[in-house]
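*Asks:* got a sequence here, can you build the structure:
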Amino acid sequence: EVQLVESGGGLVQAGGSLRLSCAASGFTFDDYAIGWFRQAPGKEREGVSCIGNSGATTYYSDSVVGRFAISSDNAENTVYLQMNSLNPEDTAVYYCARGFSVGAIREAFDSWGQGTQVTVSS
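*Replies:* Numbering: from 1, shown residues only. Sure thing, here's the model as predicted:
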């Protein structure tokens, strides 16, 4: 069974940092891209960052480039999202997902975690 489990969310003040983790199991980790998406109340789910199966290819949305960094530990089947310089607009539920290509196209991702809440106070 494919499983993706997010952790690391929480409440942080503006300007602070958090590191999210996505632990994957039930499939060959090296064969897939892993992406991070987020959904704020009343808004569409949007792609934030993604890393390819080799770790050499990454994607960042314009809203997070330069502030967020994605990495993977293939030995642990885990992808991390380091989030720095957080602002209230980053408040959302963050999801990781298994994908077939690097990017932010939701249709390219077929399995999703349950999400972790990130709240940034001003």
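*Asks:* now the residue nearest the centre of the chain: which helix or strand?
*Replies:* The centroid of the chain falls nearest to Trp36 when counting by Cα atoms, centre = their mean (2.4 Å). Trp36 is part of strand 33-39 when elements are defined by DSSP states H and E.
*Asks:* for the residue nearest to the centre of the chain, name its beta-bridge partners.
*Replies:* Under DSSP bridges, the beta-bridge partners of Trp36 are Ser49, Cys96.
*Asks:* now it: how far from Gln82?
*Replies:* With distances taken as Cβ to Cβ, to the nearest Å, Trp36 is found 11 Å from Gln82. (Glycine included, C-beta is placed from N, CA and C.)
*Asks:* what do these two both touch?
*Replies:* Common neighbours of Trp36 and Gln82, counting by Cβ atoms under 8 Å, 6 or more residues apart in numbering, are Ile70.
*Asks:* isn't the residue nearest to the centre of the chain right up against Gly9?
*Replies:* No - Trp36 lies out of contact with Gly9 (Cβ atoms under 8 Å); the separation is 11.6 Å.
*Asks:* overlap in contacts, these two.
*Replies:* Residues touching both Trp36 and Gly9 (Cβ under 8 Å, 6+ apart): 20, 94.
*Asks:* put the alpha carbons of the strand holding Trp36 into PDB.
*Replies:* The C-alpha coordinates for strand 33-39 follow below in PDB (Å, rounded to 0.1, in the frame of the first residue of the first chain):
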ATOM      1  CA  ALA A  33       9.100  12.400  -8.200                       C
ATOM      2  CA  ILE A  34       7.800  13.800  -4.900                       C
ATOM      3  CA  GLY A  35       6.000  17.100  -4.700                       C
ATOM      4  CA  TRP A  36       4.800  19.500  -2.100                       C
ATOM      5  CA  PHE A  37       1.500  21.200  -2.500                       C
ATOM      6  CA  ARG A  38      -0.500  23.500  -0.200                       C
ATOM      7  CA  GLN A  39      -4.100  24.600   0.200                       C
END
